[in-house]
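1. sequence first, then the predicted structure, then my questions.
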Amino acid sequence: MLTVALPKGRIAKETLEIFETIFGDGFKFDDRKLILETENFRFLLVRNQDVATYVFHQAADIGVVGLDTLEEQGLDVVRLLDLRRGVCKVSIGMKVGEKLDLSKPELKVASKMVNITKRYFEERAVSVEIIKLNGSVELAPLIGLADMIVDVVETGTTMKQNGLEVVQDIMTSSTYLIANKNSYIAKKDEVLSIYEKISEVIKAENK
Ligand code: PRP
């Protein structure tokens, strides 16, 4: 029996499609149910930000999560496969027309992703004040809470609609299949079997 943590939210649809392709009609969560058991699998629907936590603590053997979230959380899990979906960037955004000037003192940066933000500026020896927000980050520069934001950009629509633009990309992200380190050894055959099935779906799409 393999327990699989799947994400709700932005990358959910594209992720569930892969499992629908593999498992067919048997793969269907009942309305509002967060758990689905089949003969050999137990699927859990969890928040995207919680997938790596389930996998790290071995509450799930494998999971699917965005690389941006993995980098932000820094939990020690095995990165098995890039699913080449949910492609987005983590970027710095500012009000349209403003320029990124890292020599300016007392820069304020608002973000959900404080660790990625911290690393980016530390690597450049720039001291900034990071303001942690939990969403609607694009508001911060508009009302003077911060000089810039670090946020996920997929289509760019949210920034554009709020009068912001990307001034610098920090990283590219996509959705990854991850495994718990112990499960990867103890349940190697089961993990590799599902890994191969998922690989085939991804390969068939990219032909
Ligand atoms: C992200 C991000 C932006 C938006 C960018 O939020 O914080 O608000 O998506 O997408 P766009 O470039 O296509 O407009 P997400 O949808 O991941 O929601 P969250 O705030 O719950 O993390």
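-> Now that the structure is in, tell me what you want to look at.

2. hey, let's count contacts and neighbours off CA atoms from now on
-> Noted.

3. and for the spatially most central residue of the chain, nearest residue in space, chain neighbours not counted?
-> Nearest to the centroid of the C-alpha atoms of the chain, with distances taken as C-alpha atoms, centre = their mean, sits G66, at 2.4 Å. With C-alpha to C-alpha, 6 or more residues apart in numbering as the criterion, G66 has its nearest non-adjacent residue at 4.2 Å, and that residue is T175.

4. residue contacts, the one you found?
-> Contacts for T175 (C-alpha atoms under 8 Å, 6 or more residues apart in numbering) come out as I11, V64, V65, G66, L67, D82, L83, R84, R85, G86, V87.

5. look at the second one and give its secondary structure.
-> Here V64 is recorded as strand under DSSP: H, G, I helix; E, B strand; the rest coil.

6. so it makes contact with Y195?
-> No - contact between V64 and Y195 fails when scored by C-alpha atoms under 8 Å: they sit 11.5 Å apart.

7. which one's more surrounded, these two?
-> Comparing V64 with Y195 by neighbour count (other C-alpha atoms under 10 Å), the higher total belongs to V64, at 27 against 16.

8. give me the pLDDT for the more buried one.
-> At V64, the pLDDT value in this model is 97.

9. circling back to that earlier point, dump the residue contacts of the residue nearest to the centre of the chain.
-> Here G66 is in contact with I11, N48, G86, S173, S174, T175, Y176 (C-alpha under 8 Å, 6+ apart).

10. so which of those would you say is closest to L102?
-> Closest approach between the contacts of G66 and L102, by C-alpha to C-alpha: S173, at 24.1 Å.

11. hmm, the lowest-mean-pLDDT helix or strand in the chain in reach of the ligand?
-> Counting by mean pLDDT, DSSP states H and E, the chain has its least confident helix or strand at helix 12-23, which shows a mean of 91. No - against the ligand, helix 12-23 shows no contacts by C-alpha under 6 Å from any ligand atom, the least distance being 10.9 Å.
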